[in-house]
Each structure stands twice: as structure tokens, then as C-alpha cells.
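Undergrad: need coordinates for the following:
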Amino acid sequence: MFKDRDSTFYKSFLPSLIAIVIGMIISIIVMFVANPENAFRAVIQLFKGPFNTPGMKGLGNLLYYMIPLMMTGLSVGFAFKTGLFNIGASGQFIVGAFVAILIGAKFTAVPESVRWIFALLGATLIGAIWGSIVGILKAYRNVNEVITSIMLNYIGMYLVNYLIPVLGIYNRLKNNTINISTHVPKFGLDKLFPGSFASGGIFIAVIIAIILYFVIDKTTFGYELKAVGLNRFASRYAGINENRSIVFSMMIAGALSGLAGGLVYLSGIGRHISIVEVLPQEGFDGIAVSLLGANHPLGIILSSLFMAYINMGGQSIQTLGYSPELIQMMTAIILYISALSLLFKQLLGRKSKSTPIGSTNDSLKEE
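TA: Numbers count the residues shown, from 1 in each chain. Model prediction:
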């Protein structure tokens with residue numbers, strides 16, 4: 001039993017650790033090349049992360065930054081279980097955020113104390129609809145999900161940009177959405193982390209991650225999803241409805257990204273949707289978070305914690321003369337190097353397959 005657990009760790013999480021180490025080494029080298037005088041101090045501040053901020057404020061901000069990373073990571077990871085690549089998390093994220101803000105601003109007949117629930121449900125629903133389009137086209141027309149996801153990203157972005165002024169939630173002076181009073185309750189985090197961005201959305205995100213873990217690993221539905229992901233045609237032969245699994249997988253993935261948008265923009269820190277022709281970065285960050293967490297819900301919790309931690313450390317070194325562009329490049333190195341975990345996993349898998357052959361030969365020699 002313990003041998004199996006060690007093998008699972010070796011094949012799944014060790015490649016992610018290798019990717020983290022390589023990404024950190026490259027980032028540190030870049031920091032020394034860019035500004036050698038302050039490099040040592042910058043490395044220390046980078047590893048201090050949220051602890052560069054005095055008191056509990058930094059930890060509270062860390063929890064806030066984890067929310068979009070965790071939720072979009074879960075979205076991408078869930079789709080991966082069915083062999084699908086959900087690169088459309090950005091579009092699902094922005095339409096979810098828009099619907100959440102719209103409900104928060106316009107549904108004044110609903111009491112303020114519970115309006116956030118309806119806003120999050122609306123964000124989840126529109127995200128599910130957005131994701132289901134990809135799933136239906138993939139299942140019944142075999143249209144590549146990467147192509148449709150990318151197209152729907154831009155459709156979602158331009159549609160939101162168009163509807164914000166039309167539906168009367170537009171602040172023309174600032175070119176973004178209006179202020180709304182609807183937000184997710186803090187659930188006591190404002191007292192535990194005073195002055196921080198901490199939002200009760202972190203509890204929702206962690207609970208959803210745990211639920212997904214049980215759904216994927218402990219239910220028949222989860223088994224069917226993984227079976228379709230491993231071999232779509234073999235699962236059909238076994239009596240699994242692969243089309244239904246694909247549609248439901250993308251629908252749930254879209255719902256998670258849509259909910260991510262609602263949780264972020266209803267966090268109560270005054271964040272707005274700006275009318276710009278730029279896709280939300282959160283959706284793309286979720287790809288790296290999912291890969292780094294081996295597409296496992298519990299691993300994604302840890303990888304989102306790591307990425308939020310490093311991002312906060314990267315923000316702090318601006319005071320040492322590092323330009324924002326350099327910090328973004330440093331973060332991008334860590335994000336993209338994490339994709340190499342798949343390569344490491346393949347290499348380790350080949351090594352593990354060759355081990356039994358060698359052991360068999362040794363035993364034959366002994367006989």
C-alpha cells in the first residue's frame with residue numbers, strides 16, 4: 001500500500017516540484033542579470049512573499065489572490081480529466097463576472113443580505129452555458145475544443161464590453177463598471193486579517209475543491225469522466241455515454257470559471273470590469289496552476305497557494321528598482337516552466353516501465 005502511494009507521488013507531484021525548482025532558478029538568474037546590486041535583497045523579499053507586509057494583512061491578501069487561481073485551476077483540471085483542454089477559462093471568467101455584477105447592481109428587489117448568492121448562482125450558470133457550447137460542439141461535431149474555446153474567449157470579452165454600457169452598469173468617467181454594494185460576506189476574515197483583501201470566497205473555493213476530489217475519485221460519474229479521458233472509444237464500448245461525459249465535463253469546467261469571476265468581482269474590494277480588449281489573465285494562469293497541481297483538486301489548492309505566494313513576492317521587489325515588466329516576465333517564467341511537468345512525468349513514466357524489466361533479468365541471473 002505504501003509502495004503504491006510512493007509511486008503516485010513519484011509520478012504525479014515530483015515532476016511539479018522539479019518544474020518549480022527550475023522555474024525559481026531561472027527567475028533568480030534573471031534578477032541577478034537585471035539588477036545585480038539589489039539582487040540578494042530582492043531574492044529574500046521574493047521568498048518572503050506575503051510576509052513582506054507587516055501583521056496579518058499579507059496573509060489575508062494571499063487568501064484573496066488564491067481564489068481566482070484555485071477556481072480557474074480547478075476548471076482546467078476538471079476538463080483535463082475527460083481529456084479536454086479548457087483554454088476558454090478566460091471567457092467563462094469574464095462573462096461570469098459580468099453577470100454577477102449585473103445581478104448585484106440591478107436585482108434590487110432581492111435583499112442585500114442574500115443578493116450575493118443569486119449573483120454567484122448567475123455567474124455559475126452563465127459559465128456553465130459558455131462551457132457547454134464547447135462541449136456540445138466537441139461531442140456531437142468533433143470540433144476541436146481549443147479552437148472553440150479561444151473563439152468563445154473573444155466573443156465573451158467583446159460581448160461584455162458591448163453590454164456594460166447598454167445595460168446601464170457603466171461608469172463613463174472611469175471606463176469600467178459602476179460601484180455595487182453586493183459582495184460575498186467576509187465570514188470573520190476581516191477581523192482575523194484587518195486591512196486586507198481577504199474574502200469569504202476562499203472558503204467557497206476550498207469546499208468546491210474538496211467536493212470535486214470526492215466526485216472525481218469516489219463516484220461513478222467521476223470514474224466515467226476519467227475513463228472517457230483515457231480512451232473515448234474504449235469507454236463507449238464499455239457502455240459509457242462519452243458524449244454526455246464530454247458535455248457535462250465542459251459544462252462543469254465553465255461553471256467553475258464563471259463562479260471564479262463572480263467571487264473575484266464580488267469580493268468587496270471595489271474591483272471593476274474595465275472596457276478593454278484584453279482577456280483576463282486569470283484564465284491562463286489557471287492552466288499553469290492545474291498542471292503544477294497534477295490536475296488533482298487537492299494538488300491545485302497547493303499550487304494556487306504557491307503561485308499566489310510568489311506573485312506577492314514579485315510585487316514587493318518593485319521597491320528595489322525592478323520594473324513591473326521584469327516582474328511579469330519572472331512570473332511568466334515560473335508559469336510556463338510548470339508546463340514541463342508533463343515532460344518530466346513522461347520521462348519518469350518511461351523509467352518506471354523499464355524498472356521491472358531490469359529486475360526480472362536480475363532474478364533470472366540469480367536462478
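
Undergrad: now Ser181: closest residue in space that isn't a chain neighbour?
TA: Glu112 (6.5 Å; CB to CB, 6 or more residues apart in numbering). Every C-beta, even on glycine, is put in place using the N, C-alpha and C of the backbone.

Undergrad: burial measure for the one you found, as a count.
TA: Look at Glu112: counted by other CB atoms under 10 Å, it has 11 neighbours.

Undergrad: go on, the one 5 residues further on?
TA: By other CB under 10 Å, 14 other residues sit near Ile117.

Undergrad: for the one 3 residues further on, same thing?
TA: Applying other CB under 10 Å, we find 25 residues neighbouring Leu120.

Undergrad: counting neighbours, which bits of stretch 103-117 end up buried?
TA: 103-105, 110, 115-116 (16 or more other CB atoms under 10 Å).

Undergrad: inside helices: which ones of those?
TA: Of the positions in the buried residues of stretch 103-117, 103-105, 115-116 sit in helices, assigned by DSSP state H.

Undergrad: right, and the residue nearest to Ser181 touches Thr182 too?
TA: Yes - using CB atoms under 8 Å, Glu112 is in contact with Thr182, at 6.7 Å.

Undergrad: OK, contacts around the residue nearest to Met329 when sequence neighbours are not counted?
TA: Spatially, and ignoring its direct neighbours in sequence, Met329 is nearest to Val30 (7.0 Å; CB to CB, 6+ apart). Listed by CB atoms under 8 Å, 6 or more residues apart in numbering, the contact partners of Val30 are 326, 329-330, 333.

Undergrad: sorry, back to before: next, format the ones in helices among the buried residues of stretch 103-117 as JSON lines and append pLDDT.
TA: Shown next, in JSON lines, are these (pLDDT from 0 to 100):
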{"residue": "Ile103", "pLDDT": "97"}
{"residue": "Gly104", "pLDDT": "96"}
{"residue": "Ala105", "pLDDT": "95"}
{"residue": "Arg115", "pLDDT": "97"}
{"residue": "Trp116", "pLDDT": "97"}
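
Undergrad: now, the most widely separated pair of these?
TA: Ala105 and Trp116 (12.2 Å; CB to CB).

Undergrad: got any residues that touch both of the two?
TA: Thr182.

Undergrad: just give me the neighbour total for Asn144.
TA: 12.

Undergrad: give me phi/psi at the residue nearest to Met329?
TA: phi -60, psi -40 (degrees, to the nearest 10).

Undergrad: picking up where we left off before, if you rank the contacts of Val30 by neighbours, which is first?
TA: Neighbour tally across the contacts of Val30 (other CB under 10 Å): the maximum, 26 neighbours, falls on Met330.

Undergrad: CA atoms only: put whichever strand or helix holds that residue into PDB for me.
TA: Under the criterion of DSSP states H and E, Met330 resides in helix 324-337. Taking Å, rounded to 0.1, in the frame of the first residue of the first chain, the C-alpha atoms of helix 324-337 are listed here in PDB:
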ATOM      1  CA  PRO A 324       6.900  45.800 -13.500                       C
ATOM      2  CA  GLU A 325       7.700  44.300 -16.900                       C
ATOM      3  CA  LEU A 326      10.600  42.300 -15.400                       C
ATOM      4  CA  ILE A 327       8.400  41.100 -12.600                       C
ATOM      5  CA  GLN A 328       5.800  40.000 -15.100                       C
ATOM      6  CA  MET A 329       8.500  38.200 -17.100                       C
ATOM      7  CA  MET A 330       9.700  36.500 -13.900                       C
ATOM      8  CA  THR A 331       6.200  35.300 -13.100                       C
ATOM      9  CA  ALA A 332       5.700  34.100 -16.600                       C
ATOM     10  CA  ILE A 333       8.900  32.000 -16.500                       C
ATOM     11  CA  ILE A 334       7.500  30.200 -13.400                       C
ATOM     12  CA  LEU A 335       4.100  29.800 -15.100                       C
ATOM     13  CA  TYR A 336       5.300  28.400 -18.300                       C
ATOM     14  CA  ILE A 337       8.100  26.300 -16.900                       C
END
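
Undergrad: so how far is that helix off the chain centroid?
TA: Centroid separation for helix 324-337 versus its chain: 17 Å, with CA atoms, centre = their mean, to the nearest Å.

Undergrad: what helices and strands are in contact with that helix?
TA: On a contact count with 3 or more CB pairs under 8 Å, 6 or more residues apart in numbering; DSSP states H and E, helix 324-337 meets helix 14-34, helix 281-292, helix 297-316.

Undergrad: let's see 10 Å
TA: Identification of packing neighbours for helix 324-337 by 3 or more CB pairs under 10 Å, 6 or more residues apart in numbering; DSSP states H and E yields helix 14-34, helix 39-48, helix 281-292, helix 297-316.

Undergrad: low-confidence ranges in this structure?
TA: Applying pLDDT under 70 to the chain flags the ranges 1-13, 327, 331, 334-335, 338-367.

Undergrad: do you know how far the residue nearest to Ser181 is from His183?
TA: Relative to His183, Glu112 is positioned 10 Å away (CB to CB, to the nearest Å).

Undergrad: and for those two, which residues touch both?
TA: Gly104 (CB atoms under 10 Å, 6 or more residues apart in numbering).

Undergrad: thanks a lot, catch you later.
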